[in-house]
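**Q** Got a predicted model here, sequence first, then my questions.
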Amino acid sequence: MNQVLASSLLYPAAAIIGYLLGSIPFGLVITKLAGLGDIRTIGSGNIGATNVLRTGRKDLALLTLILDIGKAGIAFLICWQVALAILVPISTEDVYAAVARSDAYSIGLCGGAFAFVGHCFPVWLGFKGGKGVATFVGLLAAADWRVGLGFGVIWLVMAGIARMSSFAGLTATLGAPIMAHFLNPNGDLQYVTAALAILIFWRHRANIKRIVDGTEPKIGAKKKDAPAEAPPGSPG
């Protein structure tokens, strides 16, 4: 099998693997196993860590957050390493080996990106899933830790200034493609993060409206003062 043919087969395989991994509704599964019922019937109806926290179980919320972050990162690493193992050995010259490594990285990004899509639109739940910020962070951290770290710094700074988790998440998301452009200019990370950022903004359109209206809940606001829907800019 030549390198071009192998790459053409690995991309759809990575997409399928990533989507299936990303579509596992960890928040829903964990809360049901803990005997807390269907997480979709409380709060925002979301399956992410923020809504799991509404059950009062901080441990389950933390576990959900870790697993949701890990989805895209694990999908990226699996697809990347498998692609490397397949493509590099069949490269007959150094120049082809370099191309193979680049292709393997892009195939890994494909897997991670589709894990994000699977988290947002899981087939098992009628394509109604989370809003993707935690999963997005996981992909950034695995694909280029510098971009992932930059995301975290921006989130912390903006959360401290605006006191709004959603605003901090959206601002950090907006900065991710820019950081990827300068820190990872020769890869596809900047394009993948830009595409996923558009999807994140679309899924946060209700939050954006509340931010503009001045009704978006602040971090630390009392529960009675907050709208029924959690600010999805926090990991979910």
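**A** In hand now; what should we look at? Numbers count the residues shown, from 1 in each chain.
**Q** Which residue ranges of the protein form helices?
**A** Listed in chain order, the helices of the chain (DSSP state H) span 3-22, 26-33, 49-53, 58-87, 94-120, 133-143, 145-162, 165-183, 189-203, 205-213.
**Q** hang on, residue 109 packs against residue 73?
**A** No: Residue 109 is not in contact with residue 73 according to C-beta atoms under 8 Å; the separation is 11.5 Å. The C-beta positions use only the backbone N, C-alpha and C, and glycine is treated the same way.
**Q** So for these two, which residue has more residues nearby?
**A** residue 109 (26 against 20; other C-beta atoms under 10 Å).
**Q** Before we move on, what's the pLDDT of the residue nearest to that one when sequence neighbours are not counted?
**A** Excluding the flanking residues, the one nearest residue 109 by C-beta to C-beta, 6 or more residues apart in numbering is residue 192, at 4.9 Å. Reported pLDDT at residue 192 in the predicted model: 96.
**Q** show me the residues around residue 192 that make contact.
**A** Counting by C-beta atoms under 8 Å, 6 or more residues apart in numbering, residue 192 makes contact with 109, 112-113, 139.
**Q** now, which of these sits nearest residue 89?
**A** Of all the contacts of residue 192, residue 109 has the smallest distance to residue 89: 21.3 Å, by C-beta to C-beta.
**Q** so what's that closest one up against?
**A** Residue 109 touches 76, 139, 143, 187-189, 192, counting by C-beta under 8 Å, 6+ apart.
**Q** what's the closest of the helices of the chain to residue 127?
**A** Once the helices of the chain are compared by C-beta to C-beta, helix 94-120 is nearest, at 8.4 Å.
**Q** any idea of the angle the closest one forms with helix 3-22?
**A** Relative orientation of helix 94-120 versus helix 3-22 (axes from the mean of the first three to the mean of the last three C-alpha atoms, to 10 degrees): 20 degrees.
**Q** list the buried ones in helix 94-120?
**A** 96-97, 99-101, 103-120 (16 or more other C-beta atoms under 10 Å).
**Q** go on, stretch 162-174?
**A** Those would be 162, 164-173, for stretch 162-174 by 16+ other C-beta under 10 Å.
**Q** hmm, who's touching that stretch?
**A** With C-beta under 8 Å, 6+ apart as the criterion, stretch 162-174 contacts 133, 136, 151-152, 154-159, 197, 200-201, 204, 207-208, 210-211, 216-220, 231-234.
**Q** Done for today, thanks.
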